[in-house]
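In: One predicted model, sequence on top.
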Amino acid sequence: MSEAVLRGELAALCRLAARFDWQEATANHISLAVSDDGTKFLINRRWRNFATLKASELALLDCNASELPEDIDSTAWAIHGAIHRLVPQARCVVHLHPTYATALSCLRDPILYPVDQTSARFFKRVAIDGAYAGMADNRAEGERLAKILGQKKILMMGNHGVLSIGESAAAAFDAFYHFERAARTLMLAYGTRRKLNVLEDKVAEKTALAWESEPEFGEAHFAQMRAGLPPDYLS
C-alpha cells in the first residue's frame, strides 16, 4: 500500500476520533506504519486538532532517527516509536483518552468484564498497566508499555487512557471503537449500583471467538464510517 493511501487512512481515522470525541484537547496520537518492519511510520504532529487534520499534515518518522523533530511530542515518540519497533503486528497504534475507557482506567479494578456481547469480544484479551508514574516521555517507558502489551491488541493504561493496535488502520479503529462502547456499557451498569450479571467464561470466550471469525467486519465498518467524512481530509 502506498504512502499516499496510508496517509488518507490515518487522516480518516483521526477525523473519526474527533467525531466520536475520543481526542483530549489537541493532545493524543495515532500512528500507522509505512515500512515492512514498522520502523517508519506516519503520526499526527504536535498540538493539532483531529477534526481538521489533513493527510498532507502527517509527519513521517523513523524509529532509528537520532533526533526528534520539534513538532513531534516526546510522549508520542516514546510510546508509538517503541511499539512500532518492538511489536511487529502493530501496524496501526491508536492512543487516546475517550470518556468511558479512561474512566474505567481510573478504577482500582479496571477489568472490562464481559457483561454483554460487545464487552465479551475482549474477554482475556486486554493487557493492563497498573503502574502509571507520570508522562510517558522517555524510551524506557515506551519499551515498558510495549512489553506489557505483548501479543494483545488492547492496552488498558491505568489512570491514563487506552491504546489499541491492529494490522491496519481499519482493524485498530474497529477495536478501539468497540472497546469504548463496551466500557460505556460497563460504566453505565456500574452506575446503577446493582450487581453485574457477568457472562460465564465459556460463553464469553465463545463470543470472543465469534467476533474474531469475521475480521472483514472491521474493514467494512471503517469504510462505511470513512465514507461519511468530508473529502478535504485527503488533501
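Out: Thanks, I have it. Numbering: from 1, shown residues only.
In: which SS state does the nearest residue to L199 once chain neighbours are set aside fall under?
Out: Counting by Cβ to Cβ, 6 or more residues apart in numbering, L199 lies nearest to P114, which is 4.4 Å off, once chain neighbours are set aside. For glycine as for every other residue, the C-beta is placed from the backbone atoms N, C-alpha and C. Using DSSP: H, G, I helix; E, B strand; the rest coil, the structure places P114 in coil.
In: List the residues that contact P114.
Out: With contact taken as Cβ atoms under 8 Å, 6 or more residues apart in numbering, P114 is in contact with A120, F122, F123, V198, L199, V203, A204, T207.
In: From these, keep the buried residues only.
Out: With burial judged by 16 or more other Cβ atoms under 10 Å, the buried subset of the contacts of P114 is A120, F122, F123, L199, A204, T207.
In: Tell me which two in those are the farthest apart.
Out: Spatial extent of those (Cβ to Cβ) is set by the pair F122 and L199 at 11.9 Å.
In: Now do the SS call for A127.
Out: Per three-state DSSP, the secondary structure class of A127 is strand.
In: That one and K152, how far apart?
Out: Distance, A127 to K152, using Cβ to Cβ, to the nearest Å: 4 Å.
In: Then K206?
Out: The spacing between K206 and K152, counted by Cβ to Cβ, is 19 Å.
In: between the two, which one's more packed in?
Out: Neighbour comparison, K206 and K152: the larger count goes to K152, with 18 against 13 (by other Cβ atoms under 10 Å).
In: For the more buried one, give me its contacts.
Out: K152 touches R125, V126, A127, counting by Cβ under 8 Å, 6+ apart.
In: The first one contacts G150, doesn't it?
Out: No. At 11.1 Å, R125 does not count as touching G150 under the criterion of Cβ atoms under 8 Å.
In: the more surrounded of those two?
Out: More neighbours surround R125 than the other of R125 and G150, with 18 against 10 (other Cβ under 10 Å).
In: mind checking the longest helix of the protein?
Out: helix 169-191 (DSSP state H).
In: after that helix comes which helix or strand?
Out: helix 201-212 (DSSP states H and E).
In: Let me know the closest of the contacts of K152 to D37.
Out: Nearest to D37 out of the contacts of K152 is A127 (Cβ to Cβ; 22.5 Å).
In: which stretches of this protein form helices?
Out: Going by DSSP H, the chain shows helices at 3-19, 74-86, 99-105, 117-120, 139-149, 169-191, 201-212, 216-227.
In: any chance of the ones you listed in CSV, plus distance to T39 and mean pLDDT?
Out: As requested, the helices of the chain are exported to CSV (distance: least, Cβ to Cβ, whole Å; pLDDT from 0 to 100):
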stretch, distance to T39, mean pLDDT
helix 3-19, 14, 98
helix 74-86, 6, 94
helix 99-105, 28, 98
helix 117-120, 34, 98
helix 139-149, 13, 95
helix 169-191, 18, 98
helix 201-212, 28, 98
helix 216-227, 25, 98
